[in-house]
Structures are given as C-alpha cells and as structure tokens.
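Colleague: take this sequence and fold it.
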Amino acid sequence: MKVDFAERARALVGTPFRPQGREPHALDCVGLVLRTFDLPLASARRNYRLRGDHREELARELKLHFRTVRKAEQRSGDLLLMAVRDDQMHLAVRTGQGFIHAHAGIGRVVETPGAPEWPVLAVYRRRSR
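Modeller: I've put the predicted structure just below:
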C-alpha cells in the first residue's frame, strides 16, 4: 500500500508552530517532516536548528530515510530542502498544488500554493520500507 505523504502533511495543516516543536500539538519544519514521514523522534536532535553550517549533517541524516531526486522530477509527497537565507534552511512537503511547511511568521503549519519563494537546494523521496 502506497502512503500519500502529501495527504499526511495536509492533515497537519493548522497545527501551531513552535521552535523545536516535535509534539503533535506544536511543530517546526523538522517536526512536520518527522510526523509526515513517520520517522522516529530520535532521528533528529531535539536542539536541531537549520541555521548555520549544518547542511552536510542534515544531508547525511536525510539520506538514512530518503533518496535524492532531481528537481525536475519532484512530485507530490517529496521533501524539499530550501534556503530561506544563506545561513538558514527550511523543510517542506511538496503537494500537487504547492507545498506544506511550518510557517514561523504565521505561527502554524500551512499549505502555500505555487512554487516556494526560496531556492530549492535538494529534493528527497522517502525510501521504501
């Protein structure tokens, strides 16, 4: 049975944003990914911040559960790694209409239509279990 990760992420839309949020009632972008893709909480450090030079460390962690795909091949349910700023990354789940992410400014998980406003650094697809 194929899991629809975009629908799993969509079920989290409206969840309040909280930095380092990993609980079902409060999420950040890492928490959204953990919940959407059913990853163990231990697979991401509790104090993980997507700021600074953590890109290589994050890429190693993602490759445990995901495989990279070319940007041109992205599809609904894929994980997007984006650069919000030079020193800050952000994770989101691609949907057919846009992407779902934990939006700090709005204060909750939202689905945003269209392409992300931030550069997509990499696209990942969940490995089969």
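Colleague: chain center to the worst-scoring helix or strand of the chain on mean pLDDT, what's the gap?
Modeller: The weakest-scoring helix or strand in the chain, judged by mean pLDDT, DSSP states H and E, is helix 55-62 (a mean of 76). Per CA atoms, centre = their mean, to the nearest Å, the displacement of helix 55-62 from the mean C-alpha position of its chain is 13 Å.
Colleague: so which elements touch that helix?
Modeller: When contacts are defined as 3 or more CB pairs under 8 Å, 6 or more residues apart in numbering; DSSP states H and E, helix 55-62 packs onto strand 79-85, strand 120-126. Yep, even glycine has a C-beta here, placed from its N, CA and C like the rest.
Colleague: wait, which of those is closest to Phe37?
Modeller: Minimum separation from Phe37 across those (CB to CB) falls at strand 120-126, 5.4 Å.
Colleague: flag every buried residue along that closest one.
Modeller: Burial within strand 120-126, assessed by neighbour count using 16 or more other CB atoms under 10 Å, is assigned to Val120, Ala122, Val123, Tyr124, Arg125, Arg126.
Colleague: ok, the fourth one to Val110 distance?
Modeller: Yep, that's Tyr124 we're talking about. 21 Å (CB to CB, to the nearest Å).
Colleague: swap in Phe5?
Modeller: Phe5 sits 17 Å away from Val110, going by CB to CB.
Colleague: what of Thr36?
Modeller: For Thr36 relative to Val110 (CB to CB), the value is 14 Å.
Colleague: just Leu12 next, same as before
Modeller: Distance from Leu12 to Val110, by CB to CB: 10 Å.
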